[in-house]
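Novice: The following comprises the amino acid sequence and a computationally predicted model.
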Amino acid sequence: MIPVESIGQGIDREAKLFFEEHKPPTDLIFDDGAEIKSNRHRIAMTVLIRSVEQGLANRNDFFVGGNMFIYYSAKQIRNQDFRGPDFFAVLGVDSNTSRQGWVVWEENGRYPDVIVELLSPSTANQDTGKKKDIYEQVFRTPDYFVFDPFEPNSLQGWRLDATLRYQPLVPNERGWLWCETLGFWLGTWEGIVDRETATWVRFFDESGNLVLLPEEAAQQQAEAAQQQAEQQRQRASRLEARLRELGEDPNDLTLNPNHS
C-alpha cells in the first residue's frame, strides 16, 4: 500500500514539473546588439514613433515602439528567429508602464494594432512574406504597412478583413493609405529631418494635415506667435498714422478713458 504522503508528494512533483514546463520565461533578451539598417531607417523609425506620440498626446492609453523585441510564444523564444517591427502601436493599454520590449503574456494577450516595416533589399522578402504572415495569422494586427526609405514609391498597406485575412489598401489621389486604427493617413512627405533630405513616410490627420513632430509643433507655435506679434505691431503702426492724420500726437495720448 502506497503511503498517503508519497501520493501527495507525487502530485506535487507532477504539478511542479508542469509549471516549470509551461510558465512564462523570465530570461528574456531585449537587446541582441543588431544594428539598424541605415541612418535613414533610424530617422524614419523615430519620425513615426515621435509623431504618433505627438498626435495622440491627449490620450494616455497607447504605446508606440520600434526595433524592439515582441515576445509572443515560447517557441519563438527558443528559435530566436523573430525580433520585432520597425514601428508598432498598441491602443487601449497603459501609457505610463515602463517596457523594455513588448511581452504579450504580460500585456493581457495584446498584440500590436498597427505595424510599419521599413524595407531594405536584405529584408524586403521577409517583411512581405514570413513577417506579414505572422502579423496576419498570429498577431491579427489590423493595419500593416511597408515602406523603403530609399524608394519613394514603395509604400504598401493591408488591412484585415472580416475573414481575418489581409486585403491590400487602395491609395487615395495623393497615394496615401488610410490607417483606420489610428485614424490617420500614412503617406510620403519630402523634407529635411535631422539634417537629412529625403522622402519620408509620415502620418497625416483626417483633413490631410501633417502630424507634426514635437519640435515641428513647437516651431509652428513660435511662428504663429511671431506672426501675431507682427500683426499687432502693424495695427498699432496704422493707428498711429491715422491719429497723426487727425492732428493727434500718439505720444501725448494717455490711457484715460475720458480723454477726448
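Specialist: The structure has been received and is ready for your questions.
Novice: The residue nearest to residue 243 when sequence neighbours are not counted: how many residues sit nearby?
Specialist: Excluding the flanking residues, the one nearest residue 243 by Cβ to Cβ, 6 or more residues apart in numbering is residue 250, at 5.0 Å. Every residue, glycine included, has its C-beta placed from N, CA and C. Applying other Cβ atoms under 10 Å, we find 12 residues neighbouring residue 250.
Novice: contacting residues around residue 250?
Specialist: For residue 250, the contact set (Cβ atoms under 8 Å, 6 or more residues apart in numbering) comprises 239-240, 243-244.
Novice: quick check, residue 89 in a strand?
Specialist: Yes. Looking at residue 89 with DSSP: H, G, I helix; E, B strand; the rest coil, it is inside a strand.
Novice: Verify the stated contact: it with residue 59.
Specialist: No. Counting by Cβ atoms under 8 Å, residue 89 stays clear of residue 59, with 11.2 Å between them.
Novice: show me where this structure has helices.
Specialist: Per DSSP state H, the chain carries helices over the ranges 4-22, 39-55, 74-79, 124-127, 130-134, 214-245.
Novice: All the strands of the stretch 101-250 of the chain, in order from the start?
Specialist: Remark: strands assigned in the stretch 101-250 of the chain by DSSP state E, counting those that start in this stretch are 102-103, 114-118, 143-148, 151-160, 166-168, 177-179, 184-193, 196-204.
Novice: Out of those strands, flag the one nearest residue 133.
Specialist: Proximity to residue 133 (Cβ to Cβ) singles out strand 166-168 among the strands of the stretch 101-250 of the chain, at 9.2 Å.
Novice: Give the rounded mean pLDDT of that closest one.
Specialist: For strand 166-168, mean pLDDT rounds to 98.
Novice: Name the residues that touch that strand?
Specialist: Contact with strand 166-168 is made by 132, 136, 144, 156-161, as judged by Cβ under 8 Å, 6+ apart.
Novice: If we only consider the contacts of residue 250, which is nearest to residue 205?
Specialist: Nearest to residue 205 among these, with distances taken as Cβ to Cβ, is residue 239, at 38.3 Å.
Novice: what sits against the residue positioned nearest the centre of the chain?
Specialist: With distances taken as Cα atoms, centre = their mean, the residue of the chain nearest its centroid is residue 49 (3.7 Å). Contact analysis of residue 49 by Cβ under 8 Å, 6+ apart lists 64-66, 87.
Novice: Let's see if you can find the most crowded of those.
Specialist: Within these, most neighbours by other Cβ under 10 Å means residue 87, with 25 neighbours.
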